[in-house]
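Peer 1: Coordinates for the following, if possible.
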Amino acid sequence: MKPFFVGCAKRVITPEPGCELAGFAARKGVANGVHDDLFAGALVISCETRTVVLVSLDVIAISQELADSVRRAVGESLRISPMDVMLCSTHTHCGPVTINHFFNPDQSLNLAYLAMFERKILAAIQEAWQQRKPSLIRAGMVPVQGIAVNRRSESGQPIDPEAGVLLVEDLDGVPTSILINYACHPTVLGPDTLEVTGDFPHYLNRTICRELGEDVLVLFFNGAEGDLNIGHKSWSTAVGAKSRSRTFEKAQEVGEALGRQVLLGLPSLVAEEPVLCRDSSTVPLPLKHYEPLSWMQQVRERAAAEAQLAEQMHAPGSEPSAELLEKRCALLYASIDEYFAAEHERQGITRLPAEVSVIRIGGTSIVTFPGEVFVATGLAIRKRSPFRCTLLLGLVNGYIGYVPTLEEAENGGYEVVASQVQATASALIEGTAHGLLETAFSRPCENHVAQTGASQ
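Peer 2: Numbers count the residues shown, from 1 in each chain. I've put the predicted structure just below:
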């Protein structure tokens, strides 16, 4: 059997200072500088006649339209199925506006930047394709402690206690690239940060390169991170609560800690047999039911009036009171509900298509999904997986928002309000992933790409 042929490349996608930054409704001001460059990094893996493209993008998310455009272009250029292309956002909140969603409906899209962004993605993929050479892939899960926290629970649990790693080496055993998959919001830095940055993955990259070599391409892929960050509450960030711990020094601490733990786990990685396949299915997720849009507008207007009154009573320069934060939160929730009610009415839809894919690389599987799935769903997928190790890639090929579990949906809160799908959606994604994993595992000797469901 022929070996893997793997190529990697990256392109800078850093926006110019003065651009709007996506991710925080409470942010005031535009980018005033660049702390570190953002990248589109591509990994192209071929085996026999099969090819899979994995791309890490240092942006908050990408639209379905942009994903479809890139995938079509890559499919035509490389003569592969567009379904073989996985565009994965790291979810930094200190990057350019690449999508409009509930968190930034009023921000404008810079069409010139988006055109450049798409060109750079295609250029990185094309170079990675051209740079392919016989390679070894070693993969595994490494333990990670002391980084992610479940921001919705008092105990800080559950979290994903492992990072998935794919290490690519040439036939002499020299590392050429490394894929690191870890579930945690890259929001160490908060709304007060006005510099462009990849957040903690930037420091992860530096830590790995110091050890493996500056020429090694480090690709960060987020996981089932819907309810995970380093400990702050998402609703309080959204309404402007201050935190003095959200600094570049803290981002460096987090990134370097993750990097050290990944490096410690490299000796445990297992060489993969050159088998490559990809199975996909598109599952229609049921959308929430909202009151008529006129009613939602009235609710939001009342919340806005109450918040405005509370703001008038707030002393300029002082810390927001608990009452003021509560009023801001009520306005935020009402605005999110109104946004989704308007979008669903405009589009005339009751279900949201979500593409779930499984990639098999030897005895390792990679599950991808387009939103911010909660960690319990990711852990359940991995627990039921028949593969030796299973990586979970979120924010892939579009953005559908948060996907809470049924249990967490009953608890309410920011992520539940900010989810546009019903509580059964997580079980549908989990079940679809499990079916695809079983299908991929049942063909241990085939190099194939199968397409099932609505993705055909």
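Peer 1: quick one: T364 and N100, what's the gap?
Peer 2: 35 Å (C-beta to C-beta, to the nearest Å). In this view, the C-beta of every residue, glycine as well, is placed from N, C-alpha and C.
Peer 1: Compare the two (neighbour count), which wins?
Peer 2: T364 (25 against 16; other C-beta atoms under 10 Å).
Peer 1: My guess is the more buried one contacts S385. True?
Peer 2: No. Using C-beta atoms under 8 Å, T364 is not in contact with S385, being 10.0 Å away.
Peer 1: Confirm A257 sits in a helix?
Peer 2: Yes. Assignment of A257 by DSSP: H, G, I helix; E, B strand; the rest coil places it within a helix.
Peer 1: Run through the stretch 1-150 of the chain and note the low-pLDDT ranges.
Peer 2: Scanning the stretch 1-150 of the chain for pLDDT under 70 picks out 1.
Peer 1: Helices of that one, start to end?
Peer 2: 64-78, 111-130 (DSSP state H, counting those that start in this stretch).
Peer 1: For the first one, which residues meet the burial criterion?
Peer 2: By neighbour count, with 16 or more other C-beta atoms under 10 Å as the criterion, the buried positions of helix 64-78 are L66, A67, S69, V70, R71, A73, V74, G75, L78.
Peer 1: now, which of those sits nearest L258?
Peer 2: A67 (26.9 Å; C-beta to C-beta).
Peer 1: wait, isn't V403 in contact with P370?
Peer 2: No. Assessed by C-beta under 8 Å, V403 is found out of contact with P370, at 9.3 Å.
Peer 1: same for the longest helix belonging to the chain, what does it pack against?
Peer 2: Secondary structure assigned by DSSP state H gives helix 322-347 as the longest helix of the chain. Counting contacts by 3 or more C-beta pairs under 8 Å, 6 or more residues apart in numbering; DSSP states H and E, helix 322-347 packs against helix 234-238, helix 293-312, helix 414-417.
Peer 1: residues in contact with the helix or strand just after the shortest one?
Peer 2: This means helix 414-417. The C-terminal neighbour of helix 414-417 among helices and strands, as given by DSSP states H and E, is helix 425-441. With C-beta atoms under 8 Å, 6 or more residues apart in numbering as the test, helix 425-441 has contacts from 277, 279-281, 283, 285-286, 354, 356-358, 360, 365, 367, 369, 373-374, 377, 380-381, 384-387, 390, 403-406, 419, 450, 452-453.
Peer 1: do the same with stretch 115-128
Peer 2: Residues contacting stretch 115-128 (C-beta under 8 Å, 6+ apart): 7-13, 40-44, 53, 55, 57, 59, 66, 69-70, 73-74, 77-78, 85, 87, 96, 98.
Peer 1: which of those are buried?
Peer 2: 7-11, 13, 40-44, 53, 55, 57, 59, 66, 69-70, 73-74, 78, 85, 87, 96, 98.
Peer 1: What ranges does the stretch 351-456 of the chain have for its helices?
Peer 2: 375-384, 406-411, 414-417, 425-441.
Peer 1: Quick check: mean pLDDT of the last one?
Peer 2: Here the mean pLDDT over helix 425-441 is 98, rounded to a whole number.
Peer 1: Distance from it to the middle of the chain?
Peer 2: 19 Å (C-alpha atoms, centre = their mean, to the nearest Å).
Peer 1: what about I400, distance to G255?
Peer 2: 27 Å.
Peer 1: Check I180 too.
Peer 2: 11 Å.
Peer 1: any common contacting residues for these two?
Peer 2: L204.
Peer 1: so, if you compare the buried residues of helix 64-78, which one comes nearest to P143?
Peer 2: Looking across the buried residues of helix 64-78 and measuring by C-beta to C-beta, the closest to P143 is A67, at 32.5 Å.
Peer 1: Do I have it right that that closest one meets Y399?
Peer 2: No. Counting by C-beta under 8 Å, A67 stays clear of Y399, with 9.0 Å between them.
Peer 1: residue contacts, the most centrally placed residue in the chain?
Peer 2: Nearest to the geometric centre of the chain sits L395, at 3.5 Å (C-alpha atoms, centre = their mean). By C-beta under 8 Å, 6+ apart, the contact list for L395 reads A61, C88, S89, T90, H91, N222, P370, G371, E372.
Peer 1: swap the cut-off to 10 Å and go again
Peer 2: 57, 59-62, 87-91, 221-223, 225-226, 368-373 (C-beta atoms under 10 Å, 6 or more residues apart in numbering).
Peer 1: Excluding covalently adjacent residues, which one is nearest to it?
Peer 2: Counting by C-beta to C-beta, 6 or more residues apart in numbering, L395 lies nearest to S89, which is 4.3 Å off, once chain neighbours are set aside.
Peer 1: Repeat that for A423.
Peer 2: A423 sits nearest to A409 (C-beta to C-beta, 6+ apart), 3.6 Å away.
Peer 1: Check H344 too.
Peer 2: Closest to H344 by C-beta to C-beta, 6+ apart is L287, at 5.9 Å.
Peer 1: which phi and psi does that neighbour have?
Peer 2: phi -80, psi 160 (degrees, to the nearest 10).
Peer 1: For it, give me its contacts.
Peer 2: Taking C-beta under 10 Å, 6+ apart as the test, what L287 contacts is 340, 343-344, 347, 349-352, 400, 419-422, 425.
Peer 1: between the residues you listed, which is closest to D192?
Peer 2: Looking across the contacts of L287 and measuring by C-beta to C-beta, the closest to D192 is S419, at 26.6 Å.
Peer 1: give me the number of residues near the spatially closest residue to the closest one that is not a sequence neighbour?
Peer 2: The spatially closest residue to S419, leaving aside those adjacent along the chain, is Y402, at 4.0 Å (C-beta to C-beta, 6+ apart). By other C-beta under 10 Å, the residues close to Y402 number 24.
Peer 1: try the one 4 residues further on
Peer 2: As a burial measure, L406 scores 14 neighbours (other C-beta under 10 Å).
Peer 1: which residues sit in contact with it?
Peer 2: L406 touches A376, T377, Q422, A423, T424, A425, S426, A427, counting by C-beta under 10 Å, 6+ apart.
Peer 1: The third one against P286, yeah?
Peer 2: Yes. At 4.4 Å, Q422 and P286 qualify as touching, with contact defined as C-beta atoms under 10 Å.
Peer 1: list the residues that contact both of these two?
Peer 2: Counting by C-beta under 10 Å, 6+ apart, the residues touching both Q422 and P286 are R351, L352, L428.
Peer 1: how far away is the second one from Y339?
Peer 2: Going back to what we said before, that points to L352. 14 Å.
Peer 1: any weak-confidence spans in the stretch 351-456 of the chain?
Peer 2: 444-456.
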